[in-house]
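S.K.: just the structure for this:
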Amino acid sequence: MNVCQVNFKAMHQTVQAQQLALEKKGDELLEKMRASKSSQEEINEAFLGHAAEALSKWRSLSSELLFLYSGNSRYAEHWKAMGYSEQWLEKSGYKEGPPPAPVEDRCPLKCDGQDAVVV
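M.R.: Numbers count the residues shown, from 1 in each chain. Below is the predicted model:
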């Protein structure tokens, strides 16, 4: 399955949860540093540590997303297919199927009023 075809809404929830957790840790660290009597060096090390942790988690997120959402299934929910809503399927024209292929893409190629051309 192409990763681009994954149900974006479900994947976005995972990304947003990771983002909010990292932002919360950053806010907590900021409050802690404001209340502390730490040296400039200690403060810098604390923020650099948080930035390194956030970067590491963010980099590993792509692998996590591929594992959780590959095959149009969510491993964390016992391989329950995500699917599309009935409303989306109705609006997409899913039941009518795809339109006919353009003439130039048919095999063998046929031009109006001419015999089949084998390419």
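
S.K.: under the pLDDT cut-off, which ranges of the protein? List them.
M.R.: 1-7, 70-82, 103-119 (pLDDT under 70).

S.K.: just checking, what packs against the top helix by length along the chain?
M.R.: For the chain, the helix with the greatest residue count under DSSP state H is helix 40-69. Counting contacts by 3 or more CB pairs under 8 Å, 6 or more residues apart in numbering; DSSP states H and E, helix 40-69 packs against helix 8-35. Bear in mind the C-beta positions are built from the backbone N, C-alpha and C, glycine included.

S.K.: show me what counts as buried in the helix it packs on.
M.R.: 11, 14, 18, 22 (16 or more other CB atoms under 10 Å).

S.K.: for the longest helix of the chain, buried residues please.
M.R.: Within helix 40-69, judged by 16+ other CB under 10 Å, the buried ones are 46, 50, 54, 65, 68-69.

S.K.: which of these sits closest to residue 26?
M.R.: residue 50 (5.9 Å; CB to CB).

S.K.: contacts only, for the nearest residue to that closest one once chain neighbours are set aside.
M.R.: Nearest non-adjacent residue to residue 50, counting by CB to CB, 6 or more residues apart in numbering: residue 29, 5.3 Å away. For residue 29, the contact set (CB atoms under 8 Å, 6 or more residues apart in numbering) comprises 46-47, 50.

S.K.: which of the residues you listed lies closest to residue 91?
M.R.: residue 50 (44.1 Å).

S.K.: wait, the closest one sits on residue 23?
M.R.: No - under the criterion of CB atoms under 8 Å, residue 50 makes no contact with residue 23, lying 10.7 Å away.

S.K.: what does stretch 33-52 contact?
M.R.: Against stretch 33-52 from outside (CB under 8 Å, 6+ apart): 25-26, 29, 32.

S.K.: follow-up on the earlier one: make a markdown table from the buried residues of helix 8-35 and add distance to residue 84 to it.
M.R.: Listed next are these as a markdown table, based on distance: CB to CB, whole Å:
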| residue | distance to residue 84 |
| --- | --- |
| 11 | 14 |
| 14 | 18 |
| 18 | 25 |
| 22 | 30 |
